[in-house]
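Q: Return atomic coordinates for the entry below.
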Amino acid sequence: MIRTFKDRMDKGKVIYDPTAMKLVIIASFIIIFAIVLVGSISYYITQNAVVKKLKEQDLTTIVEVVSTKIESRIDRAIETSSILANDPAVINWLEEGETDPLAEKNITQKLNMIAKEFDYSNAFLASSKTGNYWTEVGLMDQLSEQAQNDAWFYKTIHSQIPVQVVIDYNKARNETFVFINRLMGDVNNPLAVVGVGLSLKELSDAFDSYRYGENSKLWLINDQGAIYLSDTLDERGLNINNFIPNQAKDGILQEISKNPNDSHVMEYEDREGNLKDLISYPIQSTKWHLLYQIDRNETVSFLSSVKWNTFIAAFISILAVVFIFHFISHYLANPFKRAVQINQELEQKVTERTRELAEKNQAVMDSIDYAKRIQESILPGKDEWDRQFRESFLLWEPKDIVGGDFYWAKQWNENECLIAVGDCTGHGVPGALMSMVTISILNQLTETEYKRDPALMLEQLNRIMKNTLHKESEDSFTDDGVDLGICYVKDKRVLTFAGAKISLYVKMDEAVEVIHGNRKSVGYRKTPENYQYDNRELMIEENSVFYLTTDGYLDQNGGEKDFSFGRRQFMNLIQRYSNETMTVQKDIFYQALTDYRGKEPQRDDITVLAFKV
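A: Sure, this is the predicted structure:
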């Protein structure tokens, strides 16, 4: 309340002006009305925004995550079956009538390796010439057109479709399987059907973790509504009309039929009158759809607490405004002047802090630029590459100014040299420091007896890094290491490769072969100190081209679905353009990743090295 210009004292009490009292009351009511109005409008806007976000973003995000897990498993299975279908050893064996027992043993072992190491239920090949059905355990069956269980094989042979993804719900095992059937050779006259089978039980068990609330449901269905996967075991093999009204079922299936490659959102009331949201999302590599149902009351239940919190906040704000109004009116002389003074003081402090931050930032950038020059100085230069390779190209794109990726070469006479590509922990300055440590150790190892054995170099590097970085110390909170691929070239005729989570891609004639490295990185605490790496020896042909890359190129996300670039697209680039000059190849590999990435940021350091000996 505001005092009169001339206060009068009556028995020791202050007398206030009635007009000022009325102004304070009117102002208070106006403020109360404004706060209540703003609170009501805010609640209404929040409720609409929550529902809109739920339909347009949250539901789509949930089903996108689940569909990505399913599609990644299927894409990897398709890639595996394609590699098996293009294997020259398998093709020769089938064309010769499967009579070579040694080849039979090798191919059975290959099927067993594919099934176990890549976590498939089984790997198989079925010959159209002999009718033999081979799996990872050997010859399993003799296929016959008269056998009903073998109808799938002859249907696949006559389909002329290169790759088919077939889903099968097995009631006896209460499990859902996906089979990848890949035609080998000419689709008009295929030599065999090869592929892998994988169980979706893990994804089915994980469905329950994606549920939102008590009454949400998640199903994998076909275009007829048949349920293949569910968060409840008893529901698999049924139809969604057992769980949602026929009108809702017909509506969502009609939308799927009209636009099978799009997601669709609808709402409906169940038999108890509860409002439900329903979204379908396509699994792009198949004809299946994810169906996600959620109770509207559960998704917006928090709005009730928002409403009460808004009411409480409004009440407290009203009391605070009245108190502050009274306090300012009585005890602060010239409040506007005081506000200007405080604002000037704040501006001065902000200016000082901004200048200090700019100076510190410049010092940090100067240090990082100097670190970049140091890192580039220890990496091989163009002259060194030209001395060692007939042709080569290098893509080296750190995510930041400096990075953890590096490339390295060492030649000690005209007939022997080492080439390596590595990916150290992290990126930026920490990654650059790790790369310099690794290169220093590699240079030391070239002065030892290990220099002609890449596998022993990796083993020795692992021991040195673990001892140097105190990996076995109980109080160590860091875990640093490196993914590394090393090639030893002798007499320009023989190449020996060993890798720690880095593979070597080789283009010979028309085929692209992947030489996988070991699955353990170097230097990490989980890598045993006595872990042994494996060498792989290759004979170098006239037109052989070798490629080494870190995971920064393969894992870069982009494209329409925001997936990783992937090994398959990388191998396609090698297959199509390996005959081009290295200068042209470098531009192609760089532009391909740039176009795929689009507006997405670079996720990691990128290194690709290609060379001809």
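
Q: From residue 523, how far off is residue 483?
A: 10 Å (Cβ to Cβ, to the nearest Å). From N, CA and C alone the C-beta is placed, and that goes for glycine too.

Q: Looking at the two, which one has more neighbours?
A: residue 523 (28 against 23; other Cβ atoms under 10 Å).

Q: Show me what counts as buried in stretch 93-103.
A: 93, 94, 98, 103 (16 or more other Cβ atoms under 10 Å).

Q: now the last one, what's its secondary structure?
A: Right, residue 103. Judged by DSSP: H, G, I helix; E, B strand; the rest coil, the three-state class of residue 103 is helix.

Q: Which residue comes closest to it once chain neighbours are left out?
A: Leaving out its chain neighbours, the residue that sits closest to residue 103 by Cβ to Cβ, 6 or more residues apart in numbering is residue 93, at 4.4 Å.

Q: Touching, that neighbour and residue 102? I think so.
A: No. Residue 93 lies out of contact with residue 102 (Cβ atoms under 8 Å); the separation is 9.7 Å.

Q: What pLDDT does the model give residue 506?
A: At residue 506 the predicted local confidence, pLDDT, stands at 96.

Q: Then residue 252?
A: The per-residue pLDDT of residue 252 was computed as 84.

Q: Now for the nearest residue to it once chain neighbours are set aside, how many residues are close by?
A: Among residues not flanking residue 252 along the chain, residue 280 sits closest, at 5.6 Å (Cβ to Cβ, 6+ apart). By other Cβ under 10 Å, 22 other residues sit near residue 280.

Q: Would it be right to say that residue 280 lies in a strand?
A: Yes. Residue 280 forms part of a strand when assessed by three-state DSSP.

Q: wait, it sits on residue 259?
A: No. Using Cβ under 8 Å, residue 280 is not in contact with residue 259, being 10.0 Å away.

Q: For the stretch 301-450 of the chain, give me the ranges with low pLDDT.
A: Counting by pLDDT under 70, the ranges of the stretch 301-450 of the chain that qualify are 301-307, 322, 325-340, 363-372, 375-376.

Q: one more time with 90
A: Applying pLDDT under 90 to the stretch 301-450 of the chain flags the ranges 301-391, 399-404, 411-415, 425-437, 448-449.

Q: CA atoms only for stretch 487-506 - export them in PDB, please.
A: Taking Å, rounded to 0.1, in the frame of the first residue of the first chain, the C-alpha atoms of stretch 487-506 are listed here in PDB:
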ATOM      1  CA  CYS A 487      49.800 -55.300 -43.500                       C
ATOM      2  CA  TYR A 488      53.300 -56.700 -44.100                       C
ATOM      3  CA  VAL A 489      54.300 -56.700 -47.800                       C
ATOM      4  CA  LYS A 490      57.300 -58.900 -48.900                       C
ATOM      5  CA  ASP A 491      58.900 -58.900 -52.300                       C
ATOM      6  CA  LYS A 492      55.800 -57.200 -53.700                       C
ATOM      7  CA  ARG A 493      54.300 -60.600 -54.000                       C
ATOM      8  CA  VAL A 494      53.100 -61.700 -50.600                       C
ATOM      9  CA  LEU A 495      50.900 -59.700 -48.100                       C
ATOM     10  CA  THR A 496      50.400 -60.800 -44.500                       C
ATOM     11  CA  PHE A 497      47.500 -59.200 -42.600                       C
ATOM     12  CA  ALA A 498      46.500 -59.200 -39.000                       C
ATOM     13  CA  GLY A 499      43.700 -57.000 -37.500                       C
ATOM     14  CA  ALA A 500      42.200 -56.000 -34.200                       C
ATOM     15  CA  LYS A 501      38.600 -55.200 -35.000                       C
ATOM     16  CA  ILE A 502      39.700 -53.800 -38.400                       C
ATOM     17  CA  SER A 503      39.200 -55.800 -41.700                       C
ATOM     18  CA  LEU A 504      41.100 -55.800 -45.000                       C
ATOM     19  CA  TYR A 505      39.100 -55.600 -48.200                       C
ATOM     20  CA  VAL A 506      40.700 -57.200 -51.200                       C
END
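
Q: tell me which residues in that stretch are buried?
A: Result for stretch 487-506 [16+ other Cβ under 10 Å]: buried residues 487-489, 495-506.

Q: Return the member of those nearest to residue 565.
A: Using Cβ to Cβ, residue 505 comes nearest to residue 565 of the buried residues of stretch 487-506, at 14.1 Å.

Q: List the contacts of the nearest residue to that closest one once chain neighbours are set aside.
A: Excluding the flanking residues, the one nearest residue 505 by Cβ to Cβ, 6+ apart is residue 547, at 4.0 Å. Listed by Cβ atoms under 8 Å, 6 or more residues apart in numbering, the contact partners of residue 547 are 504, 505, 506, 507, 574, 608, 609, 610.

Q: what would those residues look like in CSV with distance to residue 431 and secondary structure?
A: Formatted as CSV, those follow (distance: Cβ to Cβ, whole Å; DSSP: H, G, I helix; E, B strand; the rest coil):
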residue, distance to residue 431, secondary structure
504, 23, strand
505, 24, strand
506, 28, strand
507, 30, strand
574, 27, helix
608, 17, strand
609, 18, strand
610, 23, strand
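
Q: Please tell me how far residue 482 sits from residue 498.
A: From residue 482 to residue 498 the distance is 13 Å (Cβ to Cβ).

Q: let me fix that: residue 604
A: 23 Å.

Q: same question, residue 286
A: Counting by Cβ to Cβ - residue 286 and residue 498 are separated by 38 Å.

Q: Then residue 320?
A: Separation of residue 320 from residue 498 (Cβ to Cβ): 71 Å.

Q: Please apply the same query to residue 45.
A: Distance from residue 45 to residue 498, counting by Cβ to Cβ: 62 Å.

Q: Kindly report the same for residue 230.
A: Taken as Cβ to Cβ, the span from residue 230 to residue 498 is 46 Å.

Q: go on, residue 237?
A: 48 Å.

Q: do residue 550 as well
A: 16 Å.

Q: Quick one: name whatever helix or strand follows the helix or strand that contains residue 227.
A: Taking DSSP states H and E as the criterion, residue 227 maps to strand 227-230. Counting by DSSP H and E, the next helix or strand C-terminal to strand 227-230 is helix 246-258.

Q: ok, then the element right after that following helix?
A: Defined by DSSP H and E, the subsequent element after helix 246-258 is strand 264-269.

Q: shouldn't residue 503 be in contact with residue 512?
A: No. Assessed by Cβ under 8 Å, residue 503 is found out of contact with residue 512, at 11.5 Å.

Q: The helix or strand hosting residue 538 pairs with which strands?
A: For residue 538, the element it lies in under DSSP H and E is strand 536-539. Next to strand 536-539 in the sheet, as set by DSSP bridges, lie strand 494-500 (antiparallel).

Q: Show me the contact partners of the strand it pairs with.
A: For strand 494-500, the external contacting residues (Cβ under 8 Å, 6+ apart) are 453-455, 457-458, 462, 482-490, 504, 515-518, 520-522, 533-540, 546, 613.

Q: And stretch 102-112, what's buried?
A: Counting neighbours by 16+ other Cβ under 10 Å, one finds that the buried residues in stretch 102-112 are 103, 104, 107, 108, 110, 111, 112.
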